[in-house]
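Asks: missing the sequence, but the structure's below:
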């Protein structure tokens, strides 16, 4: 296992990015989850849950926990598979540098980077829609 970080820049202030990541109606849009299923207790020791619908139409419940929350710059949370994602947000004027750090084997780095890019593409879309 080894720490691996994916860093990108989002065109939005840090506080707006934080809201998109931590408020249920936005969380549902970028996950993407079934509307009305996200329940987020965004605090250290809190949890999150939401349901997604598979391509075959099956509803799948996802759950995770928040290991560390420092608003508005840091979230450490588990994601499906009980992997831990450390998300840091650095304010850069009207943009935000977002970094996802995972402790994964080297052969997983490409898949992780691809997954993060998909998620951040959806986050960027929600940011653009919410202005």
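Replies: Received the coordinates, thanks. Computed from a predicted model, the values in this text were never measured in an experiment.

Asks: For the lengthiest strand in the chain, which helices and strands make contact with it?
Replies: The longest strand of the chain (DSSP state E) is strand 59-70. Contacts defined by 3 or more Cβ pairs under 8 Å, 6 or more residues apart in numbering; DSSP states H and E place strand 59-70 against strand 47-53, strand 74-79. Heads up, the C-betas are built off the backbone N, CA and C, glycines and all.

Asks: quick one, that strand and strand 74-79 angle?
Replies: Angle, strand 59-70 to strand 74-79, by axes from the mean of the first three to the mean of the last three Cα atoms, to 10 degrees: 150 degrees.

Asks: Could you dump the helices and strands packed on strand 59-70 into JSON lines and include mean neighbour count and mean pLDDT?
Replies: Shown next, in JSON lines, are the helices and strands packed on strand 59-70 (neighbours: other Cβ atoms under 10 Å; pLDDT from 0 to 100):
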{"stretch": "strand 47-53", "mean neighbour count": "17", "mean pLDDT": "95"}
{"stretch": "strand 74-79", "mean neighbour count": "18", "mean pLDDT": "95"}
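
Asks: among those strands, which is nearest residue 126?
Replies: Comparing those against residue 126 with Cβ to Cβ, the closest turns out to be strand 47-53 (14.5 Å).

Asks: max-length helix in this structure?
Replies: Longest helix of the chain, by residue count under DSSP state H: helix 109-130.

Asks: Apart from its neighbours in sequence, what residue is nearest residue 93?
Replies: residue 13 (8.0 Å; Cβ to Cβ, 6 or more residues apart in numbering).

Asks: show me what contacts that neighbour?
Replies: Residue 13 makes contacts with 91, 93, 94, 95, 96, as judged by Cβ atoms under 8 Å, 6 or more residues apart in numbering.

Asks: Also residue 119?
Replies: Contacts of residue 119 by Cβ under 8 Å, 6+ apart are residue 30.

Asks: can you name the farthest residue from the center of this protein?
Replies: What lies farthest from the middle of the chain is residue 56; by Cα atoms, centre = their mean that is 24.1 Å.

Asks: Roughly how far does that residue sit from residue 63?
Replies: 21 Å (Cβ to Cβ, to the nearest Å).
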